[in-house]
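sequence first, then the predicted structure:
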2 protein chains.
Amino acid sequence: MPVAARKPAVSPAGLTAVEIAAAVASGKTTCEAVARAHLARIEEREPQVLAWQYLNPDQVIEQARALDRKRVRGPLAGVPFGIKDIIDTCDMPTEMGSPIYAGHRPKGDATCVALSRKAGGVLMGKTVTTEFANRHPGKTRNPYDPTRTPGGSSSGSAAAVADGMVPLAIGTQTTGSTIRPASFCGVFGYRPTYGDLRCVGVKEAAGFLDTLGLLARSIEDIALYRDVLTGGAPQPIPEQPRAPRIGFCRTLFWPRVEPGTQKMIEDAAKKLAGAGATVKDVDLPAEFQDIEDTHLAISSYEFARNFTWEIENHWDKISETLRNNRLKHGLACSFERYRKARDNAERCRELLPQVMGDCDVLLTASAAGEAPVGLSLTGDASFCLTWTTTHVPCITLPVFKGPHGLPIGLQLVARRGADRELFAAARWAYNVLT
Amino acid sequence: MPVAARKPAVSPAGLTAVEIAAAVASGKTTCEAVARAHLARIEEREPQVLAWQYLNPDQVIEQARALDRKRVRGPLAGVPFGIKDIIDTCDMPTEMGSPIYAGHRPKGDATCVALSRKAGGVLMGKTVTTEFANRHPGKTRNPYDPTRTPGGSSSGSAAAVADGMVPLAIGTQTTGSTIRPASFCGVFGYRPTYGDLRCVGVKEAAGFLDTLGLLARSIEDIALYRDVLTGGAPQPIPEQPRAPRIGFCRTLFWPRVEPGTQKMIEDAAKKLAGAGATVKDVDLPAEFQDIEDTHLAISSYEFARNFTWEIENHWDKISETLRNNRLKHGLACSFERYRKARDNAERCRELLPQVMGDCDVLLTASAAGEAPVGLSLTGDASFCLTWTTTHVPCITLPVFKGPHGLPIGLQLVARRGADRELFAAARWAYNVLT
């Protein structure tokens, strides 16, 4: 039996990034004070949550003091952030959730880390990832219930944000590796339009699919972090000009959604309609019938080629899970099969705008239900793969509670390039639903 | 005045990869003997050509002996290959043409290196790159004339192949960094369909544009190496079923082609028509009018973000050339401008098949003319940028000689995914023209 689910306490560290940057900018607090509050939260909760692969409090304080000395006033001034441990850092190990990379020290920071620091952020440490952002789990537990998975592969990033250890964290997504853990941990999770945020210094799983993923406790923080990572000046989320037009898109995977979750999503659609949104059903055409196979061929073919060095030199250090699933599939997938899958993905991508018609966003499941009991699996990612494969932006909103009191997200999807419109619609929907 | 151009002597090391692998497989030679012949060629010519950033003969012999002991019989058994020095190697430094990375030792091999080794290849060393595969040149000279550029950014890879130091080398291309040096050095250069060959472990310049580039002295070697790098079993180049249908596509950049080169390309088109090809003019529509700006916005925006760590931490070690051109452009380019450019690139990409109509391939310039005199610039890359930006496969064939006796290439371009058809047409054309 799971322990009773409980909302993690909001500590003094529970401010959003927007609030922290404003407090630092106005001199109401210092980067060091903010860092210490978050370190205290981590000290209190880490033994239960195990979100961190690497965390060195002295190094954190040192960064914060340096920012205070320089009176740094960037858009993330003093904001503590966590980085999934497949992302390079020049001053911390990057171990990829794999013994092959134990103690590995990259030369430089990944682009997303360097841009976060340039904006005044304080890198708290490296968050736990599954092995190479695939399925073999790390040590992290769901902060709502330690017997349950936090989801993956961005396990530590989602758990750390949910638990108030950091307001912002970066993960990645190749299938559902940001949206799913965000849903299970009750935070906002955002996958940007493919190609918008640079992935230099991030260990590639499958380049045709990989993006960064952002995790936060408010939509405004997600939007702020996106702007920082494009290298631009942050802009407010646009006002939603009218109640949005929403397409309710159950997808092929609807039967995998638990009945209770189905009902909550259907009720949410009604509530949004009641608040003025136009809500209509949107069905995906026949070209999407093979989307799961398409995603599997692309992700597995690329993954198995990408890890040739590890396979050839460190086979014995690769988990059975990875060997017998992703790598087995990928090594057996021919280039011709892979190319056909890529062509099919492109066809679906090109079709999606007309499938959406006049809808601003699609509404769909983030996950089947609450985080499953057990730590050996990270949950079903199929509710994300249609969107991942078609390169569109997605956000999950923490709006539901499951039968055990654990959070469940609701996913909104927009057209490629319409990330800011997605934020506007998501904020409107979130305000209606909470 | 340039010294008289001369064809580099074909040494005993001048065999193709196909010939070497066959000789090793049949026991006619050993990996060690092949490696020694190529080392001898390098020893003789390196003082003039300066193609290598890192070369350790003991390490080469050790690899070759290990392959001989294991009686390795892969498709590249015993084939010496060179790797552009922005590509990671686990046992050699990877210095990126930048003092920032002096002595840098990556943890593992890039995918392309690991796949080459898995196929039995012998990594000879790291070939000279311009700074971060951009414009600031390395030390390499044109093997035909040491007062002239070998082209860039894959300078050492092209020069080493041209000079018989290796039969195969890997470069990269973000604008014209494989096709241009191949044209200047008189070898085959191939840029694959975007996304076909994995770039894990290759320092990203601009991910929307980057691909590997292959350099060799025969089309068969190019095709073989492509198959190895997809992780598949090599297949022969298909027979060209009939004389190809060729679209002569001068592009916007035709006025930048030297008159003598224009005439050679026009004569070649006639000769191909005389041999049975259908040759007709193909003009690019209005959407391609801004392709140069489109390419500049994408490459510069991405480059400037990708190198945030280097910019923030090592600005003083970045060349003036890079600071005042690519980085200046890129830092000034907004995300919105970049997104528009990406949209335009996609529009052109989607239009290209209908522009090509029933043509199998397009025929176009590889470069303005011979390699220019001087080592401070690597030549005009504009003849490649249309194809790079639209993600189509290209090959340059060493078929012309310029007024000083230096080589000039002719470029063929095919539809995305039609790489093997491109090889078939290229072989047909090469046989007609030589």
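Great, that's in hand.

use CA for all of it now, contacts and neighbours both
Will do.

longest helix in chain A, please.
helix A:335-356 (DSSP state H).

let me know the average pLDDT across whatever helix or strand comes next after that one.
Elements were assigned by DSSP states H and E; along the chain past helix A:335-356, the next helix or strand is strand A:361-365. Rounded to a whole number, the mean pLDDT of strand A:361-365 is 98.

please compute how far strand A:361-365 lies from its chain's middle.
17 Å (C-alpha atoms, centre = their mean, to the nearest Å).

who does it pair with, and is each partner parallel or antiparallel?
strand A:245-248 (parallel), strand A:407-413 (antiparallel) (DSSP bridges).

contact partners for the nearest residue to A:Phe253 once chain neighbours are set aside?
Here the nearest residue to A:Phe253 in space, its sequence neighbours aside, is A:Phe383; by C-alpha to C-alpha, 6 or more residues apart in numbering or on different chains that works out to 6.4 Å. Shown here is A:Phe383, whose contacts under the criterion C-alpha atoms under 8 Å, 6 or more residues apart in numbering or on different chains are A:176, A:253, A:364-368.

go again using 10 Å as the cut-off
Residues counted as contacts of A:Phe383 (C-alpha atoms under 10 Å, 6 or more residues apart in numbering or on different chains) are A:175-176, A:179-180, A:250-254, A:256-257, A:364-368, A:411.

can you select the buried ones from these in ChimeraX?
A single ChimeraX command selects the buried members of these (16 or more other C-alpha atoms under 10 Å in any protein chain shown):
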select /A:175,176,179,180,250,251,252,254,257,364,365,366,367,368,411
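
and the stretch 51-200 of chain A, which residues reach chain B?
A:89-90, A:100-101, A:104-115, A:117-118, A:195-200 (C-alpha under 10 Å from any C-alpha of the partner chain).

which helix or strand contains A:Gly213?
Per DSSP H and E: A:Gly213 is located in strand A:211-216.

what is the mean pLDDT for that strand?
If you average the pLDDT values across strand A:211-216, you get 98.

ditto for stretch A:307-322
This predicted structure assigns stretch A:307-322 an average pLDDT of 98.

which residue lies farthest from the center of chain A?
A:Arg69 (32.7 Å; C-alpha atoms, centre = their mean).

which ones are touching it?
Neighbour list for A:Arg69: A:30-31, A:63 [criterion: C-alpha under 10 Å, 6+ apart].

relative to chain B, how far out is it?
A:Arg69 is 18 Å from chain B, where distance means C-alpha to the nearest C-alpha, to the nearest Å.

wait, a strand at that residue?
No - the assignment for A:Arg69 (DSSP: H, G, I helix; E, B strand; the rest coil) gives helix, which keeps it out of a strand.

per-residue pLDDT, it?
97.

could you tell me how many residues sit around A:Thr140?
The number of residues packed near A:Thr140 is 32, by other C-alpha atoms under 10 Å in any protein chain shown.

state the pLDDT value of it.
We have a pLDDT of 98 for A:Thr140.

what sits closest to it if chain neighbours are left out?
Closest residue to A:Thr140 in three dimensions, ignoring its sequence neighbours and counting by C-alpha to C-alpha, 6+ apart: A:Leu50, at 4.7 Å.

strands of chain A, residue ranges please.
Secondary structure of chain A (DSSP state E): strands at A:52-55, A:80-84, A:122-127, A:168-173, A:188-191, A:211-216, A:245-248, A:278-281, A:361-365, A:394-401, A:407-413.

for those strands, state which one has the densest average packing.
Per-residue neighbour counts averaged over each of those give the maximum for strand A:188-191, namely a mean of 32 (mean count of other C-alpha atoms under 10 Å in any protein chain shown).

residues touching the residue nearest the centre of chain A, list them.
In chain A, the residue lying closest to the centroid (C-alpha atoms, centre = their mean) is A:Thr178, at 2.4 Å. Residues counted as contacts of A:Thr178 (C-alpha under 10 Å, 6+ apart) are A:151-155, A:157-158, A:170-172, A:188-191, A:211-215, A:381, A:384, A:394-396.

how about a cut-off of 8 Å?
A:152-154, A:158, A:171-172, A:189-191, A:213-215.

make a markdown table out of those residues and add distance to A:Val228.
As requested, those are exported to a markdown table (distance: C-alpha to C-alpha, whole Å):
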| residue | distance to A:Val228 |
| --- | --- |
| A:Gly152 | 25 |
| A:Ser153 | 23 |
| A:Ser154 | 20 |
| A:Ala158 | 20 |
| A:Gly171 | 15 |
| A:Thr172 | 17 |
| A:Gly189 | 16 |
| A:Tyr190 | 14 |
| A:Arg191 | 15 |
| A:Gly213 | 14 |
| A:Leu214 | 12 |
| A:Leu215 | 14 |
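
kindly format the C-alpha coordinates of stretch A:276-285 as CSV.
Extracted C-alpha coordinates of stretch A:276-285, given in CSV (Å, rounded to 0.1, in the frame of the first residue of the first chain):
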residue,chain,number,x,y,z
GLY,A,276,-16.3,30.3,-23.0
ALA,A,277,-13.8,28.1,-25.0
THR,A,278,-14.9,26.5,-28.2
VAL,A,279,-14.2,22.8,-27.6
LYS,A,280,-14.6,20.2,-30.3
ASP,A,281,-13.4,16.8,-31.0
VAL,A,282,-10.4,16.4,-33.3
ASP,A,283,-9.5,13.1,-34.7
LEU,A,284,-6.1,12.3,-36.2
PRO,A,285,-6.2,10.9,-39.8
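
I'd like the distance from stretch A:207-226 to the chain centre, please.
Its chain's C-alpha centre lies 7 Å from the corresponding centre of stretch A:207-226 when counted by C-alpha atoms, centre = their mean.

just the CA trace of that stretch, in PDB.
Extracted in PDB, the C-alpha atoms of stretch A:207-226 (Å, rounded to 0.1, in the frame of the first residue of the first chain):
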ATOM      1  CA  GLY A 207      18.500  13.900 -32.600                       C
ATOM      2  CA  PHE A 208      15.400  13.800 -34.800                       C
ATOM      3  CA  LEU A 209      13.200  13.900 -31.700                       C
ATOM      4  CA  ASP A 210      15.300  15.300 -28.800                       C
ATOM      5  CA  THR A 211      14.500  18.700 -27.300                       C
ATOM      6  CA  LEU A 212      15.100  20.300 -24.000                       C
ATOM      7  CA  GLY A 213      12.200  20.200 -21.500                       C
ATOM      8  CA  LEU A 214      11.600  22.900 -18.900                       C
ATOM      9  CA  LEU A 215      10.000  22.200 -15.500                       C
ATOM     10  CA  ALA A 216       8.700  24.900 -13.200                       C
ATOM     11  CA  ARG A 217       5.900  25.700 -10.700                       C
ATOM     12  CA  SER A 218       4.300  28.400 -12.800                       C
ATOM     13  CA  ILE A 219       3.600  29.100 -16.500                       C
ATOM     14  CA  GLU A 220       5.200  32.500 -16.200                       C
ATOM     15  CA  ASP A 221       8.400  30.800 -15.000                       C
ATOM     16  CA  ILE A 222       8.300  28.400 -18.000                       C
ATOM     17  CA  ALA A 223       7.900  31.400 -20.400                       C
ATOM     18  CA  LEU A 224      10.700  33.300 -18.700                       C
ATOM     19  CA  TYR A 225      13.100  30.400 -18.900                       C
ATOM     20  CA  ARG A 226      12.200  29.800 -22.600                       C
END
